[in-house]
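Enquirer: here is the input, now give the coordinates:
(one chain, ligands or ions: 1)
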Amino acid sequence: MIDAATATEPTTTARGLRITGAATATPTALPRARSRRPLPRGLTAGLFGVGAALPEREIDNQHFADRLDTSDEWIVRRTGIRTRRWLAEGEPLAPLAAEACVAALADAGRSADEVDHVIVTTITPDRVTPGLAPEVARLIGAHGASAVDVNAACAGFLYGLDQAAALVETGRARVVLVCGAEALSRLTDTEDRGTAVLFGDGAGAVVVAAGELDRGVARFVLGCDPEQGDLLYADNEDRKLRMEGREVYRHAVARMTEATTQALEASGLGVDDLDLFVAHQANSRIIESAANELGVPHEKLAINVDRVANTSSASIPLALAQAERDGLLQPGATVALAAFGAGFVWGAGIVSWKERQYVCA
Ligand code: UT7
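Expert: Okay, here's the model as predicted:
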């Protein structure tokens, strides 16, 4: 924590982010823990702001066609991916995550010192320990917040969102940042055409807080099948993502379809009630197959895998931010979220999008 007496003046990072304290400051002035009173009845957790950040460096499909036995035509036809962003060699992920969080807070009209808890979902923290979340809290100036990393692979954002909603609804936190941040380029085997073309880096964040909401962040359906763990993994020695693509594809469609159906049932809704279906962006064919099985029409699909590739747990908040920019998300919209990843772990949930303009104090 930052000691006001020894903290440096705010500095601006290469990405334009203002950092409000020194990493090496003496830990003498701990901020007071926030009061955690139960919410008044009738309040529920909702989404109030969204932010996204992508690295500068763009890697198009031709990059791989120049180096591997592949082509832009194959990649687009089989995955829908046209381009992706990668961090530069040695570039840290935390500032990118912080940029997404700062944008989400601005969008929600909240300041960093109101944040009680920071959840960063990631499989690629900058260091083994500490995790990414404490560094993100420091970079954005959320000095009173607690902070934790969640690793649930590509389903991480939904697991984080579920935890954030639970914290808010039990009164254990008032304002929670959930940020999916990934640097999958670090785990990509650039020699393997079967996986090299699939992954991208990026960060997306949402602000979860309490409001008088009809739906908010409704209860999620989360699942896990550890028997399938060897179909998609990266181990400590190799540190590269290995995948049985066809099998993972099959499971991804089945689990996301099943979980979304269960989430709709649990919410008392039908597919026709949905304004948008935002699935994990691994492959446009997977998203379209799941949508076909659910009966969601194409115009209600959020797809940005063409621009960012598979960014694991960052993919859903990045897709939400893109969908809003594209005019697909209006305040009050009913949205189904679904994700699937290594573990296998998966989840789905029905949320309302910025259902109210205000956040309860
Ligand atoms: O984020 C976590 C969840 N991840 C996913 O959901 C990913 C799931 N899997 C997929 O998206 C797809 O399975 C892939 C995109 C990975 C592969 O697409 P596919 O249509 O399932 O292809 P495939 O693995 O069945 O391979 C078909 C052919 C093979 O050649 P042969 O054996 O038919 O001669 C592959 O060797 O395509 C070949 N291939 C390629 N060819 C050109 C595989 N990768 C490439 C490539 N360029 N990059």
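
Enquirer: when you work out contacts or count neighbours from here on, use the C-alpha atoms and nothing else.
Expert: Fine.

Enquirer: run through the residues that contact the residue in the stretch 1-150 of the chain positioned nearest to the ligand.
Expert: The stretch 1-150 of the chain approaches the ligand most closely through residue 70 (3.7 Å), counting by CA to the nearest ligand atom. Going by CA atoms under 8 Å, 6 or more residues apart in numbering, residue 70 touches 64, 193.

Enquirer: and stretch 215-224, anywhere near the ligand?
Expert: No - Stretch 215-224 lies out of reach of the ligand by CA under 6 Å from any ligand atom, never closer than 13.6 Å.

Enquirer: touching the ligand at all, stretch 78-96?
Expert: Yes - shown here: stretch 78-96 in contact with the ligand (CA under 6 Å from any ligand atom) through 78, 79.

Enquirer: rewinding a little: would you verify that the residue of the stretch 1-150 of the chain closest to the ligand is located in a strand?
Expert: No - assessed with DSSP: H, G, I helix; E, B strand; the rest coil, residue 70 is coil; it does not lie in a strand.

Enquirer: does the ligand sit close to the longest helix along the chain?
Expert: Scanning the chain for the longest helix, with DSSP state H as the assignment, gives helix 245-267. Yes - using CA under 6 Å from any ligand atom, we find that helix 245-267 touches the ligand at 245, 246, 248, 249, 252.

Enquirer: what's the burial count for residue 211?
Expert: Residues within reach of residue 211, counting by other CA atoms under 10 Å, total 26.

Enquirer: equivalent analysis for residue 237, please.
Expert: For residue 237, the count of nearby residues is 6 (other CA under 10 Å).

Enquirer: now the one 5 residues further on
Expert: For residue 242, the tally of surrounding residues (other CA under 10 Å) stands at 19.

Enquirer: that one touches residue 232, doesn't it?
Expert: Yes - shown here, residue 242 and residue 232 form a contact pair, counting by CA atoms under 8 Å, at 5.6 Å.

Enquirer: can you read off the pLDDT for the closest residue to residue 132 other than its chain neighbours?
Expert: Leaving aside its sequence neighbours, residue 132 sits nearest to residue 125 (CA to CA, 6 or more residues apart in numbering; 5.3 Å). Looking at residue 125, its pLDDT is 98.
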